[in-house]
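Q: make a model of this:
(one chain, ligands or ions: 1)
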Amino acid sequence: ACGGGGGSDTSAEAGSGKGTISVWAHQGQKSEDTAIQNAVKSFNSSQSDIKVELKLIPGNDYTKTVTTTDASELPDVMEFDGPTMANFVYNQKLAPIDDYVSAKTLDNATGANKAQGEIDGKHYGLGQYDSGLGIYGNKKLLDAAGVKYPTSVDDAWTADEFTAALKALKAKDSDGKVLDIQENNGLTTEWGTYGFSPIVWSAGGSLLKDGKAEGSLDSPETVSALKTFQSWKSDVDPNTDGNAFAKSRVPLSWVGHWMYPAYSEALGDDLVVLPLPDFGNGPKTGQGSWAWGIGAGSKNAKAAGTFLDSLLNDENVAAMTTANGAPPATKSALAASDLYKQGGPLQLFSDQLAKPCGDTDIAKSCVAVTRPLTAGYPTVTAKFAEALNSVYGGADPKDALTKAARSIDQDFSDNAGYEIP
Ligand SMILES: OC[C@H]1O[C@H](O[C@H]2O[C@H](CO)[C@@H](O)[C@H](O)[C@H]2O)[C@H](O)[C@@H](O)[C@@H]1O
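A: So this is what the prediction gives:
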């Protein structure tokens, strides 16, 4: 539970628009760190009114660090992972940015980017990029095993076809480990929820429906889908060196856009990008990503806004999305992207994002699902990831999901549904 939350008056002080501002960002891949460091350097040298001091915090500790830091100690500008925003607003850690970023910046954000950052008509954050999930395939190894694979989101494998593909690939593989699921990231991290909630959605379930987990997270369809997920474990390479796919040890890797730069460099024309399998309610992906906001305790929100305008300009969005392969979350950078255009190597991720579901109406016809937009998300993700990990480790899916659903519902009831007044 996040005690002490629930307030809505979180305005920062505008300040003079000059002086030193502090910025926190999550430390990601080396190329992403370089992109943000360069953006800060070039902002600092482009003018003399504002000086940005950047602090990088390791990605896996980042959310915990913001969560456990008092609002008054948070920086002027802070990055946050999309689904955590509502909780930071609830706990009065983020201020609305509408008065501080330019109209041009707001207008240029894609619809999904603006929607991710909005609560009750106010914007609390904007991102440089969105996100997508899929299965990367090694064409050479798939062809050698005679495995036919989907070429678009419209002909995704069913879960049974995916299981059959794994079987066919195993028959040609020396150690029988043919799938990477980024086990090295751990499943009790945000990766567990982000990477595998598409299984729940594709089975027709959801993490939360009308503010409740019981009945949707532990539905018979979800239980059966996680049983199937469990059955794949013996085919998974533990990927302890992080190179299972890039070194062609496995022909399939279940992950997201951010592995594209490394995988395309390793495999070249042998890299293919496929949708996640369909468990009956259509193939699904997660969406939403890291974004930038203004700390509620900032005494210099005007300067913070000026820096955000710079971070979200074409040059910085292009540099970051080249570094991490992400779909640009500004209209102009997306239109200029060679990776995401029709016929581009990551068109599949564009096509998926073009069919948004939002976080509540997860119909068969839509593909990109937003993680639950609630201040109670930390509990939802922690309990789901815990259940997923225990199922992966052999636990009974019905028991694990029922336990998770009960804990989530109890926590929501203890916190009056996490309503933001
Ligand atoms: O685009 C680069 C980012 O890609 C990853 O983030 C995505 O996966 C996370 C879960 O593993 C999820 O929390 C996030 O919302 C997704 O966009 C990567 O984890 C980030 O470090 C990276 O910046």
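Q: from what I can see Asp130 touches Leu353, true?
A: Yes. Checked against CB atoms under 8 Å, the pair Asp130 and Leu353 is within contact range at 6.1 Å. (C-beta placed from N, C-alpha, C; glycine too.)
Q: neighbour count: those two, which is higher?
A: Asp130 (26 against 21; other CB atoms under 10 Å).
Q: contacts only, for the residue of the stretch 201-350 of the chain at minimum distance from the ligand.
A: Nearest residue of the stretch 201-350 of the chain to the ligand: Ser289, at 3.2 Å (CB to the nearest ligand atom). Contacts for Ser289 (CB atoms under 8 Å, 6 or more residues apart in numbering) come out as Asp81, Gly82, Gly127, Tyr129, Asp130, Ser131, Ala326, Ala329.
Q: how about the residue nearest the centre of the chain: what's its closest non-neighbour residue?
A: Nearest to the mean C-alpha position of the chain, counting by CA atoms, centre = their mean, stands Ser289 at 4.4 Å. In space, Ser289 comes closest to Ser131 once its chain neighbours are excluded; the distance is 4.1 Å by CB to CB, 6 or more residues apart in numbering.
Q: ok, now how distant is that neighbour from the ligand?
A: 3 Å (CB to the nearest ligand atom, to the nearest Å).
Q: my guess is that residue contacts Ala329. True?
A: No. Using CB under 8 Å, Ser131 makes no contact with Ala329, being 9.0 Å away.
Q: those two: which is more packed in?
A: Ala329 (31 against 25).
Q: hang on, the more buried one packs against Gly132?
A: No. At 11.7 Å, Ala329 does not count as touching Gly132 under the criterion of CB under 8 Å.
Q: strands along the stretch 251-400 of the chain, start to end?
A: 252-256, 271-274, 285-287, 290-295, 356-358, 368-370 (DSSP state E, counting those that start in this stretch).
Q: those into CSV, with extra columns for mean neighbour count?
A: As requested, these are exported to CSV (neighbours: other CB atoms under 10 Å):
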stretch, mean neighbour count
strand 252-256, 23
strand 271-274, 20
strand 285-287, 26
strand 290-295, 27
strand 356-358, 18
strand 368-370, 23
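Q: as CSV, the ones you listed with mean pLDDT would be great.
A: Putting the strands of the stretch 251-400 of the chain into CSV (pLDDT from 0 to 100) gives the following:
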stretch, mean pLDDT
strand 252-256, 98
strand 271-274, 98
strand 285-287, 97
strand 290-295, 98
strand 356-358, 95
strand 368-370, 97
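Q: could I get those as CSV with distance to Ala112?
A: Formatted as CSV, the strands of the stretch 251-400 of the chain follow (distance: least, CB to CB, whole Å):
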stretch, distance to Ala112
strand 252-256, 15
strand 271-274, 20
strand 285-287, 6
strand 290-295, 11
strand 356-358, 6
strand 368-370, 8
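Q: dump stretch 384-394 to CSV, restricted to CA.
A: Extracted as CSV, the C-alpha positions of stretch 384-394 are listed here (Å, rounded to 0.1, in the frame of the first residue of the first chain):
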residue,chain,number,x,y,z
PHE,A,384,1.2,-10.5,-11.1
ALA,A,385,4.9,-10.8,-11.6
GLU,A,386,5.2,-12.9,-8.4
ALA,A,387,2.5,-15.3,-9.7
LEU,A,388,4.0,-15.5,-13.1
ASN,A,389,7.4,-16.4,-11.6
SER,A,390,6.0,-19.0,-9.4
VAL,A,391,4.0,-20.6,-12.3
TYR,A,392,7.2,-20.6,-14.4
GLY,A,393,8.9,-22.3,-11.4
GLY,A,394,6.2,-25.0,-11.4
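Q: that one close to the ligand?
A: No. Counting by CB under 6 Å from any ligand atom, the ligand has no neighbours in stretch 384-394; the shortest distance is 10.4 Å.
Q: show me what counts as buried in that stretch.
A: Under the neighbour-count criterion of 16 or more other CB atoms under 10 Å, stretch 384-394 has Phe384, Ala385, Glu386, Ala387, Leu388, Asn389, Ser390, Val391, Tyr392 buried.
Q: could you pull up the mean pLDDT of the helix or strand harbouring Leu54?
A: Using DSSP states H and E, Leu54 maps to strand 50-58. The pLDDT scores in strand 50-58 average 98.
Q: nearest spatial neighbour of Pro198, chain-adjacent residues omitted?
A: That would be Lys284: by CB to CB, 6+ apart, it lies 4.1 Å from Pro198.
Q: just list the residues touching that neighbour, thanks.
A: Lys284 touches Pro198, Trp201, Ser202, Leu276, Cys357, Ile362, Val367, Ala368, Val369, counting by CB under 8 Å, 6+ apart.
Q: try 10 Å this time
A: 133, 153, 156, 197-203, 275-278, 352, 355, 357, 362, 364, 366-369 (CB atoms under 10 Å, 6 or more residues apart in numbering).
Q: one more: Val66?
A: 24, 26, 57, 74-75, 78-81, 84, 87-88, 91, 93-94, 295.
Q: now swap in Thr228 and tell me
A: Thr228 makes contact with Ala159, Asp160, Phe162, Thr163, Ile199, Ala203, Pro277, Phe279, Pro397 under the criterion CB under 10 Å, 6+ apart.
Q: surely the second one meets Ala225?
A: If I follow you right, that is Asp160. No. Contact criterion CB atoms under 10 Å: Asp160 and Ala225 do not qualify, at 11.6 Å.
Q: fine, thanks again, bye for now.
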